[in-house]
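[1] give me a model of this one.
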Amino acid sequence: MSKLELLRSLNTNLSIYDIDDEEFLPFGRIVEEYDFTSYLNYMNETDIPKEGNVYMASIPEMEQQAPSELIKENFYGGMDIQVGYCNGVNSTLNGLEFHKSSEINVACTDMVLLLGQVQDIVENTFRSNNVTGFFVPKGKAVELYATTLHFAPCKVQDKGFKTIVILPKGTNEPLKEGLERKSKEDQLLFMKNKWLLAHPDREVLMEKGAHPGISGVNIELFYKLKTLK
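    Down below sits the predicted model:
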């Protein structure tokens, strides 16, 4: 049984596909035109926390290496970029965010992305049964379109996950103080270039003022038999 088949058998309430499947096409694409070897070498020296996730938005040492300049000039059309990572032991949905730009994720371990689409947000609420899971094998890179809701990956092994995250420079930095919120969408604006809907069960996000915009079950991804409740 493949890892994807196992995940499907353990999570019958969630549709899970491979990124090679046509179901991924509305959410993003596989990125094959860049050599991420230097980034992957850097990631070999990073740790996975024993609890929670760690997100580092910008790592100058990674940004100074190839293929940063190519990604800046070609993928983002000349816009400055930031290269960082997210490592952790997450297994639940917790939240969904979108940017007004694409994001590149490079899987340094096998992982699952829980994705949705901005078009399914109604009155600043997204139903978790609209989430689709996608298995991303180690070494594969994906572009997530600006209309794709996403958050921290889910682990598929005990030690956790590692992923490289590439975004336009400044994304996820604190917002300007005193921001005037005029539209409904403004209520979701959480950080620079980051609109966030949180599941109400995720207390950490609630305490930070995130909008409780996910209804339904806070999806948990099971990856081995003994994790079943």
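[2] tell me which residues of stretch 126-142 are tucked away?
    126, 128, 130, 131, 132, 133, 134, 135, 136, 140, 141, 142 (16 or more other CB atoms under 10 Å). For every residue, glycine as well, the C-beta is placed using N, CA and C.
[3] make JSON lines from the residues you listed and add secondary structure to it.
    Output for these, formatted as JSON lines (DSSP: H, G, I helix; E, B strand; the rest coil):
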{"residue": "126", "secondary structure": "strand"}
{"residue": "128", "secondary structure": "helix"}
{"residue": "130", "secondary structure": "helix"}
{"residue": "131", "secondary structure": "coil"}
{"residue": "132", "secondary structure": "strand"}
{"residue": "133", "secondary structure": "strand"}
{"residue": "134", "secondary structure": "strand"}
{"residue": "135", "secondary structure": "strand"}
{"residue": "136", "secondary structure": "strand"}
{"residue": "140", "secondary structure": "coil"}
{"residue": "141", "secondary structure": "strand"}
{"residue": "142", "secondary structure": "strand"}
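[4] tell me the one of those nearest residue 40?
    residue 141 (10.0 Å; CB to CB).
[5] next, the contact list for the closest one, please.
    30, 31, 32, 34, 36, 104, 105, 106, 107, 164 (CB atoms under 8 Å, 6 or more residues apart in numbering).
[6] show me where this structure dips below the pLDDT cut-off.
    The model of the chain has pLDDT under 70 over residues 226-229.
[7] which parts of it are helices?
    3-10, 37-43, 60-63, 68-70, 203-207 (DSSP state H).
[8] let's have the ones you listed in JSON lines, adding distance to residue 213 and mean neighbour count.
    Formatted as JSON lines, the helices of the chain follow (distance: least, CB to CB, whole Å; neighbours: other CB atoms under 10 Å):
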{"stretch": "helix 3-10", "distance to residue 213": "26", "mean neighbour count": "16"}
{"stretch": "helix 37-43", "distance to residue 213": "32", "mean neighbour count": "16"}
{"stretch": "helix 60-63", "distance to residue 213": "32", "mean neighbour count": "15"}
{"stretch": "helix 68-70", "distance to residue 213": "33", "mean neighbour count": "14"}
{"stretch": "helix 203-207", "distance to residue 213": "10", "mean neighbour count": "13"}
